[in-house]
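K.L.:
sequence first, then the predicted structure:
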Amino acid sequence: MRRRRRVGRAGGGRRIPGAGDRGRGPGHRLGDRPGDLLPLLRVPALGVTSRVVPTGVTRAGNAQIPRDGDLVGWYEYGSAPGDARGSAVLIGHRDTRAEGPGALYDLDALQPGDVVTV
């Protein structure tokens with residue numbers, strides 16, 4: 001079943017240092033500068049358009065996942081979407097108890113060749 005997703009509101013991903021930030025100098029990251037627009041994750045085959053917000057790790061060392069099921073997190077201490085080197089890590093909810101289906105609910109319905117853009 002394909003569902004149309006609303007664009008999640010832009011929100012917080014506070015900076016929580018993670019193992020991946022060791023040795024990184026300060027640099028421009030998504031959303032750092034005034035006027036920066038956080039990217040959107042688009043999966044046309046699933047009707048998904050979701051705001052991407054920076055995330056890190058929890059104090060327990062687990063991946064930080066956006067609380068809002070309509071948002072997708074990007075691990076900000078790794079490569080950014082569109083970087084020439086490395087892999088960008090995105091994380092989000094399949095569903096939540098409070099909100100039901102999340103941004104990545106139908107991810108398993110993707111077929112080889114389906115387009116995913118950030």
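P.N.:
Sure, I can see it.

K.L.:
contacts and neighbour counts: CA atoms only from here.
P.N.:
Will do.

K.L.:
count of neighbours near residue 68?
P.N.:
Using other C-alpha atoms under 10 Å, the number of residues around residue 68 comes to 20.

K.L.:
verify the stated contact: residue 96 with residue 102.
P.N.:
Yes. Contact between residue 96 and residue 102 holds when scored by C-alpha atoms under 8 Å: they sit 6.6 Å apart.

K.L.:
more neighbours, those two?
P.N.:
residue 102 (21 against 14).

K.L.:
tell me the buried residues in stretch 47-61?
P.N.:
48, 49, 50, 51, 52, 53, 54, 55, 56, 57 (16 or more other C-alpha atoms under 10 Å).

K.L.:
narrow those to those in strands?
P.N.:
Counting by DSSP state E, the buried residues of stretch 47-61 place 48, 49, 50, 51, 52, 53, 54, 55 in strands.

K.L.:
the fourth one bridge partners, please.
P.N.:
The residues paired with residue 51 through beta bridges, assigned by DSSP bridges, are residue 40.

K.L.:
now do the strands in this protein.
P.N.:
Going by DSSP E, the chain shows strands at 40-43, 48-55, 72-75, 90-92, 95-96, 100-101.

K.L.:
for residue 113, find the nearest of these.
P.N.:
Of all the strands of the chain, strand 40-43 sits nearest to residue 113, with 11.5 Å by C-alpha to C-alpha.

K.L.:
does anything pack onto that closest one? Which helices or strands?
P.N.:
strand 48-55 (3 or more C-alpha pairs under 8 Å, 6 or more residues apart in numbering; DSSP states H and E).

K.L.:
what is the mean pLDDT for the strand it packs on?
P.N.:
Strand 48-55 carries an average pLDDT of 94.

K.L.:
got the CA positions of that strand in CSV?
P.N.:
Extracted in CSV, the C-alpha atoms of strand 48-55 (Å, rounded to 0.1, in the frame of the first residue of the first chain):
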residue,chain,number,x,y,z
VAL,A,48,7.6,9.9,0.5
THR,A,49,8.9,13.4,1.0
SER,A,50,10.5,13.9,4.4
ARG,A,51,12.7,16.6,6.0
VAL,A,52,16.2,15.4,6.9
VAL,A,53,17.6,16.7,10.3
PRO,A,54,21.1,16.2,11.8
THR,A,55,21.4,13.5,14.4
